[in-house]
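In: here you go, sequence then predicted model.
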Amino acid sequence: MLYRDISLVSIFGLRGNLYVQRVGDAEGVSVQTEGPYNAKVVDDIWLMIYPEGQEPQFPLQSHTDMAIGQTHIGSVDTATKVRFLTDSRPRTRARTSVKVQAAVRITAPPKTKFELISCYGMRKGPRGWHLMRGNDRFNTR
């Protein structure tokens, strides 16, 4: 799908791989997803990509200073090991694992801003692979 006049792309809760390619003569932002993800244009300049059925809800503010609050995006498996109260070691230990669920491929013109929110996996850009762990911001130069 091709989206015109987009200056900001926000990706929420991606568990998998993100491929970003800058194309100097692109007519807009092109998005392809493998997995259960939706895309929505807000204010004609902001493209949101999020897991199906988990559209982020925001208070009425400018989208440049977003606060997610308690919005649940994505899923994380947690395993907890409980010990007896007489044991001197820590009482609980939590281990989290992230499931790779999707791949998102984006082609964008130069100077497009990207915002990653609660994303985990790998991101490939013009300078190689980068680890996605939580939140990040970058531009296509």
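Out: Everything's here; your move.
In: grab the nearest non-local neighbour of residue 3.
Out: The shortest distance from residue 3 to any non-neighbouring residue, by C-beta to C-beta, 6 or more residues apart in numbering, is to residue 29 (4.7 Å). For every residue, glycine as well, the C-beta is placed using N, CA and C.
In: got it, and residue 21?
Out: With sequence-adjacent residues excluded and distances taken as C-beta to C-beta, 6+ apart, residue 21 is closest to residue 107, at 4.9 Å.
In: which residues in this protein form strands?
Out: For the chain, strands defined by DSSP state E occupy the ranges 2-3, 8-12, 15-22, 29-34, 37-42, 46-51, 77-82, 92-97, 102-108, 113-125, 128-139.
In: the third one packs against which elements?
Out: Packed against strand 15-22, as judged by 3 or more C-beta pairs under 8 Å, 6 or more residues apart in numbering; DSSP states H and E, are the following elements: strand 102-108, strand 113-125.
In: mean confidence for it?
Out: Strand 15-22 shows a mean pLDDT of 93.
In: buried set for that strand?
Out: By 16 or more other C-beta atoms under 10 Å, the buried positions in strand 15-22 come out as 15-18, 20, 22.
In: please look at residue 38 and residue 55 and confirm they touch.
Out: Yes. Because the distance of 7.1 Å satisfies C-beta atoms under 8 Å, residue 38 is recorded as touching residue 55.
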